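Student: okay, here's the prediction I keep looking at, along with the sequence it came from:
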Amino acid sequence: VVRLGEAISEAGLLPGDRVRAGAGISLAKLAVFAADAGLSGLEFAHGIPGSLGGAVFMNAGAYGGEMKDVLQSAELALPDGTVREVPAQELELSYRHSALEGSGALVTAATLKLTPAQPEDIRARMRELMEKHAGFVVNRGGATFEDVLRLMAHIEKTVFEKSGIRLEPEVRILKG
């Protein structure tokens, strides 16, 4: 597991309604940054508990929006030690997938192309979407890996028993 966190979590504005941010920034913080700048397009990401790098890697999305809708390019640290800026089209983004899977590349930053809008309208949309997605399990520090897996299994079983719908985790579960 690579946790970039605050080390590369700065965001800045670029000409042409674009935002450039480090891969460690949280999606919530990035969505608020964009809203404050009057840039729409990340409202869907505000409630996703993850980082920009992870969101690019798996083409995260919710409420009809996905990273592929706003991603212009990604800066990658490649396995050979080089760093390369890659246009979004080369990442082959599809439902919770990118060409980065299995590549050994690490997302270090991304440039997003957004749309001008009124900040209050953007914030209202983010408030409207908050707490409506029950598909996240967030460990706030006390649970073990096994605890989270058991909870996920319980949720999947309960939903299936009550609705006949079989949930499929979108996360990558890595066992060492």
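Tutor: Perfect, I can see it now.
Student: outside of stretch 159-170, which residues touch it?
Tutor: Identification of contacts with stretch 159-170 by C-beta atoms under 8 Å, 6 or more residues apart in numbering yields 58, 96, 135, 152, 155-156. For glycine as for every other residue, the C-beta is placed from the backbone atoms N, C-alpha and C.
Student: change it to 7 Å
Tutor: 96, 152, 155-156 (C-beta atoms under 7 Å, 6 or more residues apart in numbering).
Student: quick one: the helices in the chain?
Tutor: Using DSSP state H, the helices found in the chain span residues 27-36, 52-58, 119-129, 145-163.
Student: who are the packing partners of the shortest one?
Tutor: Pointing back at helix 52-58 there. helix 27-36, strand 106-113 (3 or more C-beta pairs under 7 Å, 6 or more residues apart in numbering; DSSP states H and E).
Student: and the ones you listed: which comes nearest residue 123?
Tutor: helix 27-36 (5.4 Å; C-beta to C-beta).
Student: and the closest one with helix 119-129, angle?
Tutor: Here helix 27-36 runs at 150 degrees with respect to helix 119-129, directions being taken by axes from the mean of the first three to the mean of the last three C-alpha atoms, to 10 degrees.
Student: next up, the contacts around residue 20.
Tutor: Residue 20 neighbours (C-beta under 7 Å, 6+ apart): 12, 14, 109, 111.
Student: report the contact partners of the residue nearest the centre of the chain.
Tutor: Nearest residue to the geometric centre of the chain (C-alpha atoms, centre = their mean): residue 55, 2.6 Å. By C-beta under 7 Å, 6+ apart, the residues touching residue 55 are 27, 45, 48, 67.
Student: run a quick neighbour tally on the closest residue in space to residue 121 that isn't next to it in sequence.
Tutor: Spatial nearest neighbour of residue 121, excluding adjacent residues (C-beta to C-beta, 6 or more residues apart in numbering): residue 40 at 7.6 Å. For residue 40, the count of nearby residues is 20 (other C-beta atoms under 10 Å).
Student: my guess is residue 40 contacts residue 114, does it?
Tutor: Yes. Between residue 40 and residue 114 a contact is recorded at 6.1 Å, counting by C-beta atoms under 7 Å.
Student: quick one: contacts for residue 155?
Tutor: By C-beta under 7 Å, 6+ apart, the contact list for residue 155 reads residue 167.
Student: and the residue nearest to residue 121, how far is that from residue 96?
Tutor: Plainly put, residue 40 is 23 Å away from residue 96 if you go by C-beta to C-beta, to the nearest Å.
Student: I figured residue 46 hits residue 29, correct?
Tutor: No. Contact between residue 46 and residue 29 fails when scored by C-beta under 7 Å: they sit 9.5 Å apart.
Student: which of the two has more neighbours?
Tutor: For residue 46 versus residue 29, the count of surrounding residues by other C-beta under 10 Å is larger for residue 46: 24 against 16.
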